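*Asks:* below are the sequence and a predicted model; questions follow.
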Amino acid sequence: MQNCEWYNNMRLLLFFCFLIFWNYLYTQILTDEDLLTSSSSELQLDEYQANLEYYITQPFSINTATDEQIIESGLFSKIQSLAIIEYKNKFGKIFTINELQLLFGFSSEHISELKKYLSFSDDIPVLKTDSTRNKETKVRQRISLSYNGLIEPQKGEDTLASAPFLGSNSYLYCRYNAKIGKQISFGFGIEKDKGEKFQFNEKQKGFDFYSYYLSVKRKKTQLILGDFNANFGYGLVLFSGFSPSKSMYIGNSSRSNSIFAPMQSRKENEFFKGVAVTRFHNTKWQSGCFVSYNRIDATVDPETDLISSLQTTGYHNTLSTLEQKDAIALFSSGLISSVKGRFWKVNFKSVLHKFDKDFAVSDKLYQKYNLQRGVYLNSGIDYKIKKKNTDLFGEIAIDYKGNVVFLQGLDYSFIDEVQFCLLYRNYSEKYQSYMTSAFSDGGKVNNEKGLFIGMQYAIFRNATVKIYYDIYQFPWLKYTTSAPSKGREFMAMCNFEWNNAKLDLKFKSELAQEYQANDSVPMKKNYAIRKYFINTILSYTLTDKCSFKAAFCLSQYNNENGFLFYTDLIYTPLEGSSIKLRYAQYETTYNSRIYAYDYDISNSFSVQPYYDNGRRISVLYTISVTEKLSLQYKLAVAILNNKNTSGTGNSEIDGNIKTDFKILATLKL
């Protein structure tokens, strides 16, 4: 029966491919869509924002970058990258941001976003006079200080609560970054989460979290000391940075990530602390290695001294969560060697993780293949072959027990403005790894098989379409299933621009399986779960200083429905100053909740979850006090219509109104 259903899915997939090919033959294809697609994971969004913040202090130079650097910068989709490369080959340098309007795939909105991340400096060699030497050693500094708070008291602030907060219910974060010339950069960050206490003891030294890094580039060597991320290939062996959503893979799936980068986000776990070195031996060979020793959060059974679970939230605002802070030590080391030719590139890599304690073996069946010991060794090979309009790429990895996982992908361009993507992954349920993240539906690099197909194209110059279809199955149990399960997902996005208006349409459907249990069926059994999501966003530029946006979203989880309506008004009276207003009305269940991007201060990149029945009003005010000093203030008020309390656990508020605020000051020197 399962084979028959899989055969039917394959027939549907082949039919889908035929439709795409038919569209290619009979449709005029010209443009691409915006790359900046977010995911709902708070830590991933923070990492993504940190990547963008890096380009603010060290702008990406389009004119001096190689073709490969443009493609792998993370700022452009593949179609946009190819358009830039072709334009430079034909006309030479790009002198201003406005020239990007002449290229396929660049909307006015995207160009406005890119402005602060790009540099168009002249790269013509000049004689090194005293003035040019001073410019080469110029120190650029950036300091940001943010403070978040909540007006209403929360349950955790009551000392009589079952697990009260240890400190004040406010958030504080400070970040400093500096760059000396082009060779040296360094920075540090300090953070106190809500409910945490400023204290000195065995677990904490003042603030709850500190991070720091020093990066030095000298001739053919790059050295990073302190905190850093490591991304090897496509993520089957090691990946600690930002992991994109499925829609971002269309037209970008063959991009291989950078090896080492300073850690500048606020995540308190899943990064490395030590030294990382990259050596560029010649134009065809580079290698890298790292050594790290870090203490990470975990729950340890006091009787057996075994690790029950790893904690990644970073919150240490109660006695129990403070006990989990830095509970175990982790030693990690790895090496990678990259060899490339004219049309190909191969990476050989290996990573070792050693925890100072073993993991407890769970008696729950779905956790049978979880981490079980203290030492893990993973090795693998990834490759990429690029020939004209075709990118063939893949990766294979093996763990210390000989379990193998692999992915294989193809990016193909019918013409320069059309991208076709095909990606197959096969992750054994027995594969054991730590700090890995590759393309998947379940979010892990094990217990999944699937086939992803996607395409993006344009009906005409100002209209783009992005489509994907993903079939997947889980050979072993998951937390939400009582038997092996499977599913499929379809998504279509359309973007239209004309004059001062822009229309975004999105449809997404998913058929998955989860278990259900009731009195009539005492044994848990997998049932089909159907999810639907429709999103319509209309943006209109009223004047040079004022724009308007309205969105209407519908969601369905089986028989549970939800809707969200919000409208934005953006006013920019002066350059560097703006006011962004939002009013949202929503009614959903928890299962049919809707996520929507929310305007936020610069060092935050958030997606707001909307559920229950209520409304939310927010305002974000940005002002440039001087050329070097800017301030941001955000105030948000959420009102529930059907409840007298808001939140759960220690975050519960007695009342149906929740008011939070954020303040950010940024100084550039």
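*Replies:* Cool, got the structure.
*Asks:* C-alpha from now on. contacts and neighbour counts both.
*Replies:* Will do.
*Asks:* what residues are up against the closest residue to residue 314 other than its chain neighbours?
*Replies:* In space, and not counting its chain neighbours, residue 314 is closest to residue 268: 5.3 Å by CA to CA, 6 or more residues apart in numbering. Going by CA atoms under 8 Å, 6 or more residues apart in numbering, residue 268 touches 209, 312, 313, 314.
*Asks:* contacting residues around residue 371?
*Replies:* 359, 432, 433.
*Asks:* hmm, try it at 7 Å
*Replies:* 359, 432 (CA atoms under 7 Å, 6 or more residues apart in numbering).
*Asks:* now do the helices in this structure.
*Replies:* Secondary structure of the chain (DSSP state H): helices at 2-26, 42-57, 67-71, 78-91, 108-114, 130-136, 246-249, 319-324.
*Asks:* now do the fourth one: distance to the chain's middle.
*Replies:* Meaning helix 78-91. A distance of 26 Å separates the centroid of the chain from that of helix 78-91, by CA atoms, centre = their mean, to the nearest Å.
*Asks:* quick one: mean pLDDT for it?
*Replies:* Averaging pLDDT along helix 78-91 yields 74.
*Asks:* mind giving me the packing neighbours of that helix?
*Replies:* Helix 78-91 is packed against helix 67-71, with contacts defined by 3 or more CA pairs under 7 Å, 6 or more residues apart in numbering; DSSP states H and E.
*Asks:* what's the mean pLDDT across stretch 438-452?
*Replies:* The model assigns stretch 438-452 a mean pLDDT of 89.
*Asks:* can you get me the start-to-end distance on that stretch?
*Replies:* 13 Å (CA to CA, to the nearest Å).
*Asks:* give me the contacts around that stretch.
*Replies:* By CA under 7 Å, 6+ apart, the list of residues contacting stretch 438-452 reads 234-236, 422-431, 436-437, 469-476.
*Asks:* so which of those residues sit within strands?
*Replies:* 422, 423, 424, 425, 426, 427, 469, 470, 471, 472, 473, 474 (DSSP state E).
*Asks:* can you report how many residues neighbour the spatially closest residue to the fifth one that is not a sequence neighbour?
*Replies:* Distance criterion CA to CA, 6+ apart; nearest residue to residue 426, sequence neighbours excluded, is residue 449 at 4.5 Å. Here the neighbour count serves as a burial measure; for residue 449 (other CA atoms under 10 Å) it reads 22.
*Asks:* any chance of the contacts of residue 268 in JSON lines with neighbour count as columns?
*Replies:* Shown next, in JSON lines, are those (neighbours: other CA atoms under 10 Å):
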{"residue": "209", "neighbour count": "19"}
{"residue": "312", "neighbour count": "14"}
{"residue": "313", "neighbour count": "13"}
{"residue": "314", "neighbour count": "20"}
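*Asks:* which ones are touching residue 486?
*Replies:* Counted by CA under 7 Å, 6+ apart, residue 486 has contacts 472, 473, 474, 512, 513.
*Asks:* per-residue pLDDT of it, please?
*Replies:* pLDDT, read off for residue 486, is 93.
*Asks:* bridged to the closest residue to it other than its chain neighbours, which residues?
*Replies:* The spatially closest residue to residue 486, leaving aside those adjacent along the chain, is residue 473, at 3.8 Å (CA to CA, 6+ apart). Under DSSP bridges, the beta-bridge partners of residue 473 are residue 449, residue 486.
*Asks:* cool, and residue 547?
*Replies:* residue 541, residue 570.
*Asks:* what segments of the stretch 251-400 of the chain are strands?
*Replies:* 260-262, 272-282, 285-296, 298-300, 307-310, 328-340, 344-355, 375-387, 390-398 (DSSP state E, counting those that start in this stretch).
*Asks:* closest to residue 638 out of those strands?
*Replies:* Closest approach to residue 638 among the strands of the stretch 251-400 of the chain (CA to CA): strand 307-310, 32.8 Å.
*Asks:* re earlier: out of the contacts of residue 268, who's nearest residue 368?
*Replies:* Among those, and counting by CA to CA, the member closest to residue 368 is residue 312, at 21.1 Å.
*Asks:* how close does the closest residue to the closest one other than its chain neighbours sit to residue 353?
*Replies:* Spatially, and ignoring its direct neighbours in sequence, residue 312 is nearest to residue 269 (5.7 Å; CA to CA, 6+ apart). Note on residue 269: its distance to residue 353, by CA to CA, is 14 Å.
*Asks:* do residue 277 as well
*Replies:* Applying CA to CA to residue 277 and residue 353 gives a distance of 18 Å.
*Asks:* same question, residue 55
*Replies:* When residue 55 is compared with residue 353 (using CA to CA), they lie 31 Å apart.
*Asks:* what do you get for residue 639?
*Replies:* 47 Å.
*Asks:* also residue 465?
*Replies:* Taken as CA to CA, the span from residue 465 to residue 353 is 43 Å.
*Asks:* one more: residue 667?
*Replies:* 39 Å.
*Asks:* higher neighbour count, the two?
*Replies:* Just comparing residue 667 and residue 353: by other CA under 10 Å the higher neighbour count belongs to residue 353, 19 against 16.
*Asks:* not counting sequence-adjacent ones, nearest residue to that one?
*Replies:* Residue 353 sits nearest to residue 332 (CA to CA, 6+ apart), 4.5 Å away.
*Asks:* hmm, residue 412 is touching residue 420, no?
*Replies:* Yes: using CA atoms under 7 Å, residue 412 is in contact with residue 420, at 5.0 Å.
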